[in-house]
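A.B. asks: Turn this into a model:
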Amino acid sequence: MEAVRDGVRRGVTRSGVRARAGLAYVTDRIIDIAPRVPVRDLAALRRQFPGLGPEEIADKLVAGAAAATSTVGAGIGAAAMLPVPPAIPTELAAEITAVAAIELKLIAELHEVYGLRPQGNLRQRSTAYLHSWSSERGIDVAKPLTINAALGGQMKRELRQQIMKRTVRDLPNLMPFMVGAAVGAVMNRRDTRRVAGHIRKDLRKMQVPWDALPELPPLEKPTDPVRIGEIPTDLEP
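C.D. replies: I've put the predicted structure just below:
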């Protein structure tokens, strides 16, 4: 009996190690793709939605992103996710990554709409958006040191842990292939809207009116943009 208990304990330990390895892999994939997520700047968004104000455009962006995450299939991006540690199914890893990319794009474009583009280059802004996504908070662009500090070794480790916690928390919402496509779609849509609501609440407090913004340069384009599918942007909220 004691040998059986020892075997069970070893099995549980090995499973825990594999699960952590799988989550760490997915976390690193999310960090890697963040600078590759294509983002429309404010000028592009205003051209795409002529005559609309910040709140109206933000509503459109949230509706489009929620529709996109609700239709993310378990197989989207699977090819880009291989190989995956056995504790994390390829389909689940692909879905987590696809949903994260869609929500990172949404968060970046919401910051543009509210006149709150973070300072720095593409990678620095991407790091700031990762912090925003994993903490579900808007970026305080009045504190550029916070953004710059995110590139330090300790901050990178903290960011990795933060993203991993976010991924663990969202796992029940990211398994439509296990709970059924219809249920998974509703859960993904609800979660994306919740994240957007938290971010917009912060951004409204710090919002810079468009007529008070200095002329901003076009956003730097990623050289190898990640393919996250066609995100609808003309849906009503």
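A.B. asks: pLDDT below threshold where in this protein?
C.D. replies: Low-confidence segments of the chain, defined by pLDDT under 70, are located at 1-20, 73-91, 144-160, 162, 164-186, 228-237.
A.B. asks: just the helices in it please.
C.D. replies: Ranges of helices in the chain, per DSSP state H, are 2-33, 42-48, 54-70, 78-81, 90-113, 122-135, 144-149, 153-170, 176-179, 181-206.
A.B. asks: in the last one, what's buried?
C.D. replies: Of the residues in helix 181-206, 184-185, 187-189, 191-193, 195-196, 199-200, 202-203 count as buried by neighbour count, 16 or more other C-beta atoms under 10 Å. (Glycine included, C-beta is placed from N, CA and C.)
A.B. asks: List the contacts of the nearest residue in space to residue 106 that is not next to it in sequence.
C.D. replies: Closest residue to residue 106 apart from its sequence neighbours, by C-beta to C-beta, 6 or more residues apart in numbering: residue 65 at 4.0 Å. Shown in contact with residue 65 (C-beta atoms under 8 Å, 6 or more residues apart in numbering): 102, 103, 105, 106, 192, 196, 231.
A.B. asks: these two touch, right, the second one and residue 193?
C.D. replies: No: Residue 103 is not in contact with residue 193 according to C-beta atoms under 8 Å; the separation is 10.6 Å.
A.B. asks: before we move on, back to that, need the buried residues of helix 181-206 in TSV with distance to residue 119, can you?
C.D. replies: Formatted as TSV, the buried residues of helix 181-206 follow (distance: C-beta to C-beta, whole Å):
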residue	distance to residue 119
184	37
185	37
187	35
188	32
189	33
191	29
192	27
193	29
195	23
196	23
199	18
200	21
202	17
203	16
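A.B. asks: ok, of those, which one's closest to residue 225?
C.D. replies: residue 192 (20.5 Å; C-beta to C-beta).
A.B. asks: Might one say that that closest one is in contact with residue 66?
C.D. replies: Yes: counting by C-beta under 8 Å, residue 66 is a contact partner of residue 192 at 4.5 Å.
A.B. asks: Residue 118 reaches residue 126, doesn't it?
C.D. replies: No: using C-beta under 8 Å, residue 118 is not in contact with residue 126; the gap is 9.4 Å.
A.B. asks: Name the nearest residue to residue 99, ignoring sequence neighbours.
C.D. replies: In space, residue 99 is closest to residue 69, 5.0 Å off (C-beta to C-beta, 6+ apart).
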